[in-house]
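In: starting from these lines, generate the structure:
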Amino acid sequence: MRLGLPLPYSDDIHVCDCGKSISDSSGYHQITCKSGGGPVWTHNSIMSVWSDCLSHLQIHHRKEPTYRYSSSDSHPDISVFDTGAGSNVELDIAMAHPWSSDIFPTSASTNGAAAYRREEWKKARYAKETYPGGMSVQVIPLVMEHFGRWGKQAEVYLDQLSKRFMDEHGKSDRASFKDHWRKRMAIQLQKCNARVFLRKTSSLVQALPNTISD
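Out: Numbering: from 1, shown residues only. Okay, the predicted model is just below:
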């Protein structure tokens, strides 16, 4: 999928559970279709990895807090109560697909364009948000593209966490910390992509002839 090669299943037109008739060997529709909850499951899985990273550093945080911002019905994915850093922040996890119709011409020629556009949209959305009571909100959009590229803000935030780890364990461990969590994110993302794709195409896979000999 990441290499743009056709995926190994029939190209015959079939009806997705969202009701659309599709013939898509690229996997774009299967990965991004909201019917069945695939994108939500991917989002929540990546959010859990970020939460694990914060827990590893013993940073107090809460996933999906119940409070809402005052000017909308939005709430953060993760609230970070980081007394060590001297401030609290809200983390907004988001996915972006480079083949989205509104970004594809740019993303085809510019690495990270889909993540960048998603970050800018998130920053504009939360620019005027406040907590109930009027205090301003600091929101960090942590964006990943479906093929694995990270947004700039996600890169910066992981770097900040790695510095925190380095201060406690020594400079030699900073690179290993970043490498570990980047791999955790990458593996989880590919597992999510595979699960969502297989769920969307299960009827086609079952209909394929069995080509594996005993």
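In: where exactly do the helices run in the protein?
Out: With DSSP state H as the criterion, the chain has helices at 28-32, 38-56, 104-107, 113-126, 152-169, 174-200, 202-207.
In: of those, which is nearest residue 80?
Out: Minimum separation from residue 80 across those (Cβ to Cβ) falls at helix 38-56, 6.6 Å. (Glycine included, C-beta is placed from N, CA and C.)
In: identify all contacting residues around that closest one.
Out: Residues from elsewhere that reach helix 38-56 (Cβ atoms under 8 Å, 6 or more residues apart in numbering): 30-34, 61, 63, 77-78, 80, 91, 93-95, 142, 144, 158, 161, 181, 184-185, 188-189, 191-193, 195-196, 199-200.
In: in that helix, which residues are buried?
Out: Within helix 38-56, the residues that qualify as buried are 38-39, 42-43, 45-47, 49-51, 53-54, counting by 16 or more other Cβ atoms under 10 Å.
In: any chance of the residues you listed in JSON lines, plus distance to residue 16 and pLDDT?
Out: Shown next, in JSON lines, are the buried residues of helix 38-56 (distance: Cβ to Cβ, whole Å; pLDDT from 0 to 100):
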{"residue": "38", "distance to residue 16": "11", "pLDDT": "84"}
{"residue": "39", "distance to residue 16": "14", "pLDDT": "86"}
{"residue": "42", "distance to residue 16": "17", "pLDDT": "92"}
{"residue": "43", "distance to residue 16": "20", "pLDDT": "93"}
{"residue": "45", "distance to residue 16": "21", "pLDDT": "95"}
{"residue": "46", "distance to residue 16": "23", "pLDDT": "95"}
{"residue": "47", "distance to residue 16": "25", "pLDDT": "96"}
{"residue": "49", "distance to residue 16": "28", "pLDDT": "97"}
{"residue": "50", "distance to residue 16": "30", "pLDDT": "97"}
{"residue": "51", "distance to residue 16": "31", "pLDDT": "96"}
{"residue": "53", "distance to residue 16": "34", "pLDDT": "96"}
{"residue": "54", "distance to residue 16": "36", "pLDDT": "95"}
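In: pick out the shakiest of the helices of the chain, pLDDT-wise.
Out: When those are compared by mean pLDDT, helix 104-107 comes last with a mean of 52.
In: the buried residues of helix 38-56: which two are farthest apart?
Out: Greatest spacing in the buried residues of helix 38-56, by Cβ to Cβ: 38 and 54 (25.2 Å).
In: which residues sit against the top strand by length along the chain?
Out: For the chain, the strand with the greatest residue count under DSSP state E is strand 87-96. Residues from elsewhere that reach strand 87-96, judged by Cβ under 8 Å, 6+ apart: 39, 42-43, 46-47, 50, 76-82, 103, 114-115, 117-119, 122, 126, 137-146, 151, 157.
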